[in-house]
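>>> please find the sequence and the predicted model below.
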Amino acid sequence: MYSEIIPTHLKHILSLNLRRILGNAGLNYNKLQEVRLRCNQPLILYYDNQEFYSSEEQGLHKRLEQAYIVTHRDIHETMEYVSNYSFYAFEEEMKQGFITVAGGHRVGITGKVLMENGKIKNIQYVAGINIRFAHEVIGCGQQVFPYLLKGKDCSDGIYNALIISAPGAGKTTLLRDVIRMLSSGAEGVTVGVVDERSEIAACYLGVPQNQVGIRTDVLDACPKAIGIPMLIRTMSPKVIAVDEIGGEKDVEAIRAGIYCGCAFIGTVHGTSFEELQRKPVYKKMLEQNLFQRYIVLSAKPQICKICSILDEKGEELLEC
Amino acid sequence: MLKTIGFVLIFISGSGMGLRASYNLQLRLEQMKQIQGILLKIKGELRYSHQPMSMILNHIAKNTAAPFSCILEQISETLELHNGASMSEIWRQTIEEYKDKVYLRKGELQLLSEHGTILGYLDKELQMNQLDLQLVQWNRMIEQSELELQSNAKLYRSLGVMGSILTIIILL
């Protein structure tokens, strides 16, 4: 019954109890955003932008007293399935507090953090799990795409572009769709992606789970500063895409990549072009006109909502 | 004429039983060495690859002879099912299913069943140390089995032949 609603690979990461409860709830998978498991606390789901409790008999509801209480067994069993009985294989991911599973869904983990020499060694006694379901927004890059091209199509050249947005506004979703559009079709170009946090392509065992196009090569879980020169040397990409440019090393690697003739598309946290100009890390990058297009996203309420598209001087090409 | 055929049959079956007992000892030793090889491969994969255990076991199964190839494949497939059983339960149940297809004795089967309890943990070093400990136990068992093979293989064959001859003499 529930396998028709929840895809099998998702069903398989939940404990048997939770599978049964979610199965009986008759969910529309496309509206399911998060499942939150906290030891000895009610099972909470974020569904269609609302918070719900769930229980075996009642399905989705808002009555706390009737909510299913998540047990330690549920957490342990779910963790076994998420890691495919192989915690050691996800050691590095667990240090970052999340594991990406098949389908690109992200499983966040909390518990007792063990430190060694000032660094996280691992997370012991996992007591909280947040399963965030990845929903691609195919086609959200349509509006932006023409502004990235120097001519009629990709073969005429691509501008270096930076997507600026606050967290949760859809910059990675937009970047992913732009990558897909650049890489797909008869006129597509080779795109290299350095996916440091596995958010763009959501690779599982090295294979992209999200649609990133037929000419896209992904270096998964690789730091940008290391991955960019590696991609240039090995895969000769026409375009390199990176998410969340954050430090001096990232900027230096991008500058070197641009000098090698690659076009760059990246994202940064921010709310406006002016805000970036005030941040020391980006100020020099902007002064040197490394990027020719700035796409600013609205903070709320719609995901990937374009606020404006600017050129290298900060002048508006499009205002929404 | 019938008597002669009967004696020949007694001789063939008696000798055959001796040969079979001796061959079983040989097979037991070979299977123990196979298990040792499998554990070494698991240890190597744990050290150098970051693949989940189901993939590691499936990969090793492809380069292993039956019945262990079937055992590893079945464990790997069951792990992928996520059916509510733990790694150690899946491992133990599979060994239990295949116990009649291996030539191991009770203690050896017990040790083989225990391997599932040490795999899959976060701490790779711990798993490798545990595997080392179990490999030491297998080494000891293999040495004993080799000694047993040397001393008993000939004995079983001779007993088979001599036993059948003795039976024929008694019947005469």
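Sure, I can see it. Numbers count the residues shown, from 1 in each chain, chains lettered A, B, ... in the order given.
>>> where's the nearest residue to B:Pro67 once chain neighbours are set aside relative to chain A, distance?
Nearest residue to B:Pro67, sequence neighbours excluded (CB to CB, 6 or more residues apart in numbering or on different chains): B:Lys101, at 4.3 Å. Every C-beta, even on glycine, is put in place using the N, C-alpha and C of the backbone. Computed as CB to the nearest CB, to the nearest Å, the B:Lys101 to chain A distance reads 24 Å.
>>> okay, now B:Lys101: neighbour count?
12 (other CB atoms under 10 Å in any protein chain shown).
>>> is it true that it touches B:Ser69?
No: taking CB atoms under 8 Å as the definition, B:Lys101 is not a contact partner of B:Ser69, at 11.4 Å.
>>> return the residues of chain B in contact with chain A.
Taking CB under 8 Å from any CB of the partner chain as the contact definition, chain B meets chain A at B:46, B:50-55, B:79-80, B:82-84, B:86-87, B:119-124, B:127.
>>> swap the cut-off to 7 Å and go again
With CB under 7 Å from any CB of the partner chain as the criterion, chain B comes near chain A at residues B:46, B:50-54, B:79, B:82, B:84, B:86-87, B:120-122, B:124, B:127.
>>> just those now: which is nearest A:Val35?
Nearest to A:Val35 among these is B:His82, at 15.8 Å by CB to CB.
>>> and that closest one, what does it touch?
For B:His82, the contacting residues are A:His12, A:Tyr81, by CB atoms under 7 Å, 6 or more residues apart in numbering or on different chains.
>>> A:Ile129 versus that one, what's the distance?
Between B:His82 and A:Ile129 the distance is 15 Å, computed by CB to CB, to the nearest Å.
>>> same question, B:Thr167
From B:Thr167 to A:Ile129 the distance is 70 Å (CB to CB).
>>> looking at the most centrally placed residue in chain B now. What's its pLDDT?
Nearest to the mean C-alpha position of chain B, by CA atoms, centre = their mean, lies B:Gln31 at 3.9 Å. In this model, B:Gln31 is scored at 90, pLDDT.
>>> my read: B:Asn58 touches B:Ser76, true?
Yes: taking CB atoms under 7 Å as the definition, B:Asn58 is a contact partner of B:Ser76 at 4.1 Å.
>>> with neighbour numbers in mind, choose between these two.
The neighbour comparison of B:Asn58 against B:Ser76 (other CB under 10 Å) goes to B:Ser76, with 21 against 18.
>>> let me see the mean pLDDT of whichever strand or helix holds that one.
Assessed by DSSP states H and E, B:Ser76 sits inside helix B:68-81. What helix B:68-81 shows for mean pLDDT is 92.
>>> how about residues contacting whichever helix or strand comes after that helix?
For helix B:68-81, the succeeding helix or strand toward the C-terminus, using DSSP H and E, is helix B:87-98. Applying CB under 7 Å, 6+ apart, the set of residues contacting helix B:87-98 from outside is A:85, B:67, B:70-71, B:74-75, B:78-79, B:109, B:112-113, B:115-117, B:119-120.
>>> ok, 6 Å please
By CB atoms under 6 Å, 6 or more residues apart in numbering or on different chains, the residues outside helix B:87-98 that reach it are A:Tyr85, B:Pro67, B:Ile71, B:Gln74, B:Ile75, B:Thr78, B:Leu112, B:Ser113, B:Gly116, B:Thr117, B:Gly120.
>>> just stretch A:232-250 next, same as before
Stretch A:232-250 has contacts (CB under 6 Å, 6+ apart) with A:158, A:172, A:179, A:182, A:189-194, A:199-200, A:217, A:224-225, A:231, A:257, A:260, A:262-268.
>>> give me the buried entries from those.
Buried residues within these, counting neighbours by 16 or more other CB atoms under 10 Å in any protein chain shown: A:158, A:172, A:179, A:182, A:189-194, A:199-200, A:217, A:224-225, A:231, A:257, A:262-268.
>>> now, the residues you listed that are in helices?
A:Thr172, A:Ile179, A:Leu182, A:Lys224, A:Ala225, A:Leu231, A:Gly257 (DSSP state H).
>>> could you check how far A:Pro223 is from A:Gly270?
Relative to A:Gly270, A:Pro223 is positioned 21 Å away (CB to CB).
>>> okay, these two: which has more neighbours?
Between A:Pro223 and A:Gly270, counting by other CB under 10 Å, A:Gly270 is the more crowded of the two (22 against 14).
>>> my guess is that one meets A:Gln277, correct?
No: contact criterion CB atoms under 6 Å: A:Gly270 and A:Gln277 do not qualify, at 9.9 Å.
>>> which residues does A:Ser184 contact?
Contacts of A:Ser184 by CB under 6 Å, 6+ apart are A:Gly213, A:Ile214.
>>> list phi and psi for it.
Phi and psi for A:Ser184, reported as degrees, to the nearest 10, are phi -100, psi 170.
>>> from A:Ile138, how far off is it?
The gap separating A:Ser184 from A:Ile138 is 11 Å, by CB to CB.
>>> if I look at the closest residue to A:Gln58 other than its chain neighbours, what pLDDT would I see?
Nearest non-adjacent residue to A:Gln58, counting by CB to CB, 6+ apart: A:Gln66, 5.5 Å away. Confidence at A:Gln66, expressed as pLDDT, is 88.
>>> can you pull out the helices in chain B?
Assigned by DSSP H, chain B shows helices spanning B:2-48, B:53-62, B:68-81, B:87-98, B:106-114, B:124-171.
>>> possible to save these as TSV with distance to A:Tyr147?
Shown next, in TSV, are these (distance: least, CB to CB, whole Å):
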stretch	distance to A:Tyr147
helix B:2-48	46
helix B:53-62	43
helix B:68-81	45
helix B:87-98	52
helix B:106-114	63
helix B:124-171	48
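>>> tell me which of those sits nearest to A:His12.
helix B:68-81 (8.0 Å).
>>> the nearest residue to A:Ile303 once chain neighbours are set aside: neighbour count?
Counting by CB to CB, 6+ apart, the nearest residue to A:Ile303 once its immediate chain neighbours are dropped is A:Gly170, at 3.9 Å. Per other CB under 10 Å, the neighbour tally for A:Gly170 reads 22.
>>> equivalent analysis for the one 3 residues further on, please.
The local packing count at A:Thr173 equals 24, with neighbours defined by other CB under 10 Å.
>>> give me every residue that touches it.
A:Val137, A:Cys304.
>>> could you work out the most separated pair of the ones in helices among the buried ones among the contacts of stretch A:232-250?
For those, the farthest-apart pair by CB to CB is A:Leu182 and A:Ala225; their separation is 22.7 Å.
>>> tally of neighbours for the residue of the stretch 151-300 of chain A found nearest chain B?
Relative to chain B, the nearest point of the stretch 151-300 of chain A is A:Leu205 (7.5 Å; CB to the nearest CB). Neighbourhood size, A:Leu205 [other CB under 10 Å]: 14.
>>> do the same with A:Gly97
By the measure other CB under 10 Å, the count of residues near A:Gly97 is 16.
>>> find the nearest non-adjacent residue to the spatially most central residue of chain A, please.
Taking CA atoms, centre = their mean as the criterion, A:Glu199 is the residue nearest the geometric centre of chain A, at 2.8 Å. With sequence-adjacent residues excluded and distances taken as CB to CB, 6+ apart, A:Glu199 is closest to A:Thr172, at 5.1 Å.
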